[in-house]
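Colleague: starting from these lines, generate the structure:
(2 chains)
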Amino acid sequence: MSMPFYVAPEQVMKDRADYARKGIARGRAAVALRYVDGIALVAENPSNTLRKVSEIYDRIAFAGIGKYNEYDQLRVAGVRAADLKGYQYSRDDVDARSLANSYAQMLGQIFTHEMKPMEVEILVAEVAHDSEGDQLFHILYDGTVFDEKRFSVLGGDADAMSARLNESWSEGLDLGSAVRAAVSALAGPDRTLTSDDLEVAALSRTNGRRCFLRLSDADVAAHLAASS
Amino acid sequence: MSMPFFVPGDDPGASFPELLRRVGLKPETPSGGGVDMGVPHATTCIALRYADGVVMAGDRRATSGNLISHRSMEKVVQADRYSGVAIAGAAGPAMEMIKLFQLQLEHYEKVEGSFLSLEGKANQLSMMVRGNLPSAMQGMVVVPIFAGFDRRRGEGRLWAYDVTGGRYEEREFVATGSGSLHAGTVIKLGHNPQLSGEDAVTLACRALWEAADADSATGGPDALRGIYPVVATITTTGWARISDEVLAERYVAIAAESRSRQ
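Modeller: Predicted coordinates:
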């Protein structure tokens, strides 16, 4: 009978975390930040069809980075959970916090029990009726949840981008300034990103029942051009 | 509630009714009971095509036998941005069907990231009506109308259904419910495909007025309580409900015209 080698649990967890982090760092990043009418979500994404940012429910949006098939699976699970909850109770009972908890449970479970952790970082954002209540939940590959107040950065180089956003973010930005701040944080000092490289959406309090709206390339280009 | 997660190959896809079935939330089909269980019934709804799209309209009354059980029911509702659904029949199952249908369209849009085609939406509703057939055999008949603006073709389209889920696309107008004979006749006489939006709305109001005049289960405009039919247009810019103030004016004009003929 063969004896499996003993591997310390610390080592197993560390190896898995390293594996997930490497996968995430290979992909492109995304940023969500509060602005005066809601939350802007900006992702670096050259594809026009494979989305990183999408609608979950009336006031809730999702952003995911890392491995596409994995975060898309999570996105669809979120849409299903939200629609089921809204059907069973009421549309007002669907909230980002419980959705974030479910995601955290699921990612934590997969991280410890499955062969391979999910190589994703996701964000669940909810726009409230006033800007005080806006919520950003940033969830990591191992199920760790961060509740963020001003902005949230998903991606390998998050520290540098957070530092840049820390400089440019302020309370009460309009949508154009928020998009510009997010894009310059994503691009860094050495690159320029154009509307073709970006996917931009917003959860806007002024958009009726379904707050989610996607900005066209032309809208994004107009916002970016307004900076100078 | 835990998050619904399915392995590939066993995934319900973009279908919300299938998802409900999989998580065990599918509504029970009422069994037993007789033809007359005294459930409220919703009555007359119409839809007609005009130059820019379609108009949908429905009265607000629900009846149980000879009693009025509800005065302000909304039987014509927006299904999504470019379509609407109107329902006549047993009010409970009808409202549930509308709710599921709206959810299904939104669910599909979010899961797939694109809109269903108008034909696809009509087909979805057809399947829901067919799914209701066992209840229909118990007397809980639900007969909807579906109408919308087809952005691929650039025109308004409308469909009538029967109890078995049969789906019939109509060229000019559709009427359903107990007052449909009267309402349909009024539209038939006044209809032409080049009607303006204003004339189409007036014709729809007129049709419901005549239906209410001859059918006790159809409610007329209720100026006392300020309850008017639901009338909406669906055009290239989407669903737009006509306000009660506008409808009040139309009905004042219709009443004046009827009086002048006495």
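
Colleague: pull the CA atoms of the longest helix that chain A contains into PDB?
Modeller: Among all segments of chain A classified by DSSP state H, the helix with the greatest residue count is helix A:68-88. Once non-C-alpha atoms are left out, helix A:68-88 reads as follows in PDB (Å, rounded to 0.1, in the frame of the first residue of the first chain):
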ATOM      1  CA  TYR A  68     -13.700  34.200 -17.600                       C
ATOM      2  CA  ASN A  69     -15.600  30.900 -17.400                       C
ATOM      3  CA  GLU A  70     -15.300  30.900 -13.600                       C
ATOM      4  CA  TYR A  71     -16.500  34.400 -12.900                       C
ATOM      5  CA  ASP A  72     -19.200  34.100 -15.500                       C
ATOM      6  CA  GLN A  73     -20.500  31.000 -13.700                       C
ATOM      7  CA  LEU A  74     -20.600  33.100 -10.500                       C
ATOM      8  CA  ARG A  75     -22.400  35.900 -12.300                       C
ATOM      9  CA  VAL A  76     -25.100  33.600 -13.600                       C
ATOM     10  CA  ALA A  77     -25.500  32.100 -10.100                       C
ATOM     11  CA  GLY A  78     -25.900  35.600  -8.700                       C
ATOM     12  CA  VAL A  79     -28.600  36.500 -11.300                       C
ATOM     13  CA  ARG A  80     -30.400  33.300 -10.400                       C
ATOM     14  CA  ALA A  81     -30.200  33.800  -6.700                       C
ATOM     15  CA  ALA A  82     -31.400  37.400  -7.000                       C
ATOM     16  CA  ASP A  83     -34.300  36.600  -9.300                       C
ATOM     17  CA  LEU A  84     -35.400  33.700  -7.200                       C
ATOM     18  CA  LYS A  85     -35.300  35.800  -4.000                       C
ATOM     19  CA  GLY A  86     -37.300  38.600  -5.700                       C
ATOM     20  CA  TYR A  87     -39.800  36.000  -6.900                       C
ATOM     21  CA  GLN A  88     -40.200  34.400  -3.600                       C
END
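
Colleague: mind listing the helices in the stretch 51-200 of chain B by residue range?
Modeller: Under the criterion DSSP state H, counting those that start in this stretch, the stretch 51-200 of chain B carries helices at the ranges B:91-112, B:118-131, B:133-137, B:180-190, B:197-214.

Colleague: report the buried residues of the last one.
Modeller: Of the residues in helix B:197-214, B:197, B:199-212 count as buried by neighbour count, 16 or more other Cβ atoms under 10 Å in any protein chain shown. Placement of C-beta: from N, CA and C, glycine included.

Colleague: quick check: bridge partners of the residue positioned nearest the centre of chain B?
Modeller: With distances taken as Cα atoms, centre = their mean, the residue of chain B nearest its centroid is B:Ala86 (0.4 Å). Beta-bridge partners for B:Ala86, by DSSP bridges, are B:Val76, B:Ile145.

Colleague: anything in the very next helix or strand once past the longest helix of chain A near chain B?
Modeller: Per DSSP states H and E, helix A:68-88 leads on to helix A:96-113 as the next helix or strand towards the C-terminus. Yes - counting by Cβ under 8 Å from any Cβ of the partner chain, chain B has neighbours in helix A:96-113: A:102-103, A:105-106.

Colleague: quick one: which two of those residues are the most distant?
Modeller: The span of the residues of helix A:96-113 next to chain B, defined through Cβ to Cβ, is set by A:Tyr103 and A:Gln105 at 7.3 Å.

Colleague: what residues are shared contacts of the two?
Modeller: The contact sets of A:Tyr103 and A:Gln105 overlap at A:143, B:3 (Cβ atoms under 8 Å, 6 or more residues apart in numbering or on different chains).

Colleague: which one of those two has more residues nearby?
Modeller: Ranked by neighbour count (other Cβ atoms under 10 Å in any protein chain shown), A:Tyr103 and A:Gln105 place A:Tyr103 first, with 25 against 14.

Colleague: quickly note the distance from B:Ala175 to chain A.
Modeller: Here the criterion is Cβ to the nearest Cβ, to the nearest Å. By it, B:Ala175 lies 30 Å from chain A.

Colleague: same thing with B:Gly9?
Modeller: For B:Gly9, the distance to chain A - Cβ to the nearest Cβ - is 13 Å.

Colleague: please apply the same query to B:Ile254.
Modeller: Distance, B:Ile254 to chain A, by Cβ to the nearest Cβ: 32 Å.

Colleague: chain B: which of the residues of helix A:96-113 next to chain B is nearest?
Modeller: In terms of Cβ to the nearest Cβ, no member of the residues of helix A:96-113 next to chain B lies closer to chain B than A:Ser102, at 4.3 Å.

Colleague: show me where chain A has its strands.
Modeller: Assigned by DSSP state E, the strands in chain A fall at A:30-35, A:38-44, A:53-57, A:60-66, A:120-126, A:135-139, A:145-148, A:151-154, A:198-204, A:212-214.
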